[in-house]
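Novice: Quick one, what's the 3D model for this:
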Amino acid sequence: MTGFFHRLSSLAPKQIQAAHPEVRRFIKFAIVGLFGAVIDFGLLITLVRVVHVQDNLANIFSVSAAIISNFIWNTVWTFPESRAQTLHKHFVKFAVVNLIGLGINEAVFVTTKDYFFNALFHENGFLVAKFVAVGVVLFWNFGINRIWTYRHIKWGEAPEATAEEWSDASAL
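Specialist: As a prediction, the model looks like this:
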């Protein structure tokens with residue numbers, strides 16, 4: 001999977017490759033988040049439609065799975081310098097930010113679903129609400145993680161990982 005993210009970096013348009021390092025980090029963070037959103041939505045739909053778990057509870061499980069995935073891929077790809085930190089301390093910070101994000105996600109999800117999207121989209125209202133919640137939380141998660149979790153990484157410096165680092169599974 002790390003090869004996928006490395007290949008994705010190499011395919012980026014020249015404007016993105018030449019962008020400010022923090023812009024590139026945000027784009028990488030958003031791509032990792034998109035991958036996490038696929039996990040999040042897939043698990044949410046499976047739990048709600050197949051397993052018949054109540055949607056608010058299913059949302060908590062699906063977001064939690066996405067948090068774990070996002071931590072792994074952000075550590076490997078978006079913020080590779082963070083691998084030098086003690087992994088469990090780094091995960092605790094990331095988890096705290098994302099658990100607050102989960103609270104924001106759940107509040108946006110429940111509020112928009114119950115008071116707006118169910119009336120417009122009926123049985124698919126929860127999916128539209130989920131999309132809105134993920135979009136809101138993207139900015140929270142990047143901003144606070146960059147300020148707190150990854151504050152040890154100098155602002156504006158984004159070293160590129162070498163091909164060996166991408167393929168080195170032991171780096172985690």
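
Novice: all helices in the chain, in order from the N-terminus.
Specialist: For the chain, applying DSSP state H gives helices covering 2-10, 14-17, 21-45, 55-73, 87-112, 118-121, 125-144, 163-167.

Novice: Arrange those in TSV, one row each, with mean pLDDT as further columns.
Specialist: Output for the helices of the chain, formatted as TSV (pLDDT from 0 to 100):
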stretch	mean pLDDT
helix 2-10	57
helix 14-17	63
helix 21-45	89
helix 55-73	88
helix 87-112	89
helix 118-121	72
helix 125-144	88
helix 163-167	42
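
Novice: Out of those, flag the one nearest Lys154.
Specialist: Smallest distance to Lys154 across these (CB to CB): 9.5 Å, for helix 21-45. The way it works is simple: take the backbone N, C-alpha and C, and place the C-beta from them, glycine included.

Novice: Closest to the geometric centre of this protein, which residue is that? Let me know.
Specialist: Here the mean C-alpha position of the chain is nearest to the C-alpha of Gly33 (CA atoms, centre = their mean), at a distance of 3.0 Å.

Novice: tell me the contacts of that residue?
Specialist: 70, 134, 138, 141 (CB atoms under 8 Å, 6 or more residues apart in numbering).

Novice: Test my guess that the last one contacts Val97.
Specialist: When you say that, I think you mean Asn141. Yes. In this structure Asn141 lies within contact range of Val97 using CB atoms under 8 Å: 6.2 Å.

Novice: neighbour count winner among those two?
Specialist: Asn141 (26 against 21; other CB atoms under 10 Å).

Novice: could you measure the residue nearest to the more buried one when sequence neighbours are not counted against Glu123, distance?
Specialist: Counting by CB to CB, 6 or more residues apart in numbering, the nearest residue to Asn141 once its immediate chain neighbours are dropped is Gly101, at 4.9 Å. To Glu123, Gly101 is 26 Å away according to CB to CB, to the nearest Å.

Novice: who's more crowded, these two?
Specialist: Neighbour tally, Gly101 and Glu123, criterion other CB under 10 Å: the higher count belongs to Gly101, 25 against 9.

Novice: I'd say the more buried one and Trp140 touch.
Specialist: Yes. Counting by CB under 8 Å, Gly101 does reach Trp140; the two are 5.3 Å apart.

Novice: excluding its backbone neighbours, what's nearest Leu44?
Specialist: Using CB to CB, 6+ apart, the nearest residue to Leu44 is Ser62, at 4.0 Å.

Novice: Ignore what I typed, I meant Leu47.
Specialist: Ala58 (3.7 Å).
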